[in-house]
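Q: Take this sequence and fold it.
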Amino acid sequence: MSDKPVHLEDRTSEGARLFSPTAARNCGPIADIIAPQIKPGQCVLEIASGTGQQAMAIIDKALDIYWQPSDPDAASRASVKTYIEAAPLRLLDPLNIDVTQPNWWAALPRTYDHMFCANMIHIAPAAALHGLAKGAGELLPPGGNIWLYGPFLFGDDSAQSNLTFNDRLKQRDPAWGVRELDFVKPIFANAGLDCDRVTAMPANNHIICLKKP
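A: As a prediction, the model looks like this:
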C-alpha cells in the first residue's frame, strides 16, 4: 500500500496508545449495530484496525467474542496492543496485514467467522478494496459477514458532504476517493458475497453488510 499517512486527522497519544477523535465519535454507534450480530464464541478479523478504539467498543458490548485486529502500520499495532490487558484472551495480538499483497489471507493463524473494516477503502487504492473482497471470499464461512463502515456515494442520492470529501481525497491522491456503493457491490459479488443490508449512520456514513451465502 501507499507510504502516505494512514489517517486524515491529528491524533494524540499517551505512550504507545493513539487516540483518534473520529473513532471516539463513531465507535459507540458502530458497536451498537455490529455487536448484536456476533454470536458468542465467534471470532472477527478486523482489517485496518487503527488505534484499537473500534475493537474495544465492540468487544465491550459483545463480551463473549474474540477479536483479531490487524494493521499494516506498526504504530497502530502498538496502539492496539495497549488494550490487550483490558480484554485478555478476547482481544488477540494484532497482525501485520496488507490487503494489497497477493494471497494475504493464506498464512493467517486461525479461521474467522466475520470480518470488519472501517474507514479504509476511501483512503487506499482500489487494489485494497479488491484484495479485501478476495480475502473475505476465501476466509469467511457460509453465513459469514464482512461489515464495511465509512462514507459511500449513492449516485444522484449522494450526500453533498461526501461528494466534497471525495473531491478533497482525489486532490490528495487520485487513487483515493469515496466509493460508489454500486462500484463496491460487484467486487464483493465476484468474490462470492452479496450485499445483505445497508445501515445509515451519523454524519452521512453507512455500514454495508456483505454476506457469504
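
Q: Look at residue 198 and tell me its secondary structure.
A: Three-state call for residue 198 (DSSP: H, G, I helix; E, B strand; the rest coil): strand.

Q: Can you give me the neighbour number for it?
A: Counted with other C-beta atoms under 10 Å, the neighbours of residue 198 add up to 14. C-beta here means a position set from N, CA and C on the backbone, and glycine is covered the same way.

Q: And for residue 164?
A: Other residues near residue 164 number 11, with proximity taken as other C-beta under 10 Å.

Q: wait, residue 118 sits on residue 30?
A: Yes. Between residue 118 and residue 30 there is a contact under C-beta atoms under 8 Å: 6.8 Å.

Q: shared neighbours of those two, anything?
A: Contact criterion C-beta atoms under 8 Å, 6 or more residues apart in numbering; residues bridging residue 118 and residue 30 by contacting each: 54, 149.

Q: For residue 202, list the residues it contacts.
A: 25-26, 29 are the contacts of residue 202 under C-beta under 8 Å, 6+ apart.

Q: Low-confidence stretches in this protein?
A: For the chain, the stretches with pLDDT under 70 are 1-9.

Q: Which parts of it are helices?
A: With helices called from DSSP state H, the chain shows them at 21-34, 53-61, 74-81, 126-139, 160-172, 181-190.

Q: Would you mind giving those helices as CSV with distance to residue 150 added?
A: Formatted as CSV, the helices of the chain follow (distance: least, C-beta to C-beta, whole Å):
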stretch, distance to residue 150
helix 21-34, 9
helix 53-61, 11
helix 74-81, 17
helix 126-139, 11
helix 160-172, 10
helix 181-190, 10
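
Q: quick one, which of these is nearest to residue 47?
A: Among the helices of the chain, the nearest to residue 47 by C-beta to C-beta is helix 126-139 (6.1 Å).
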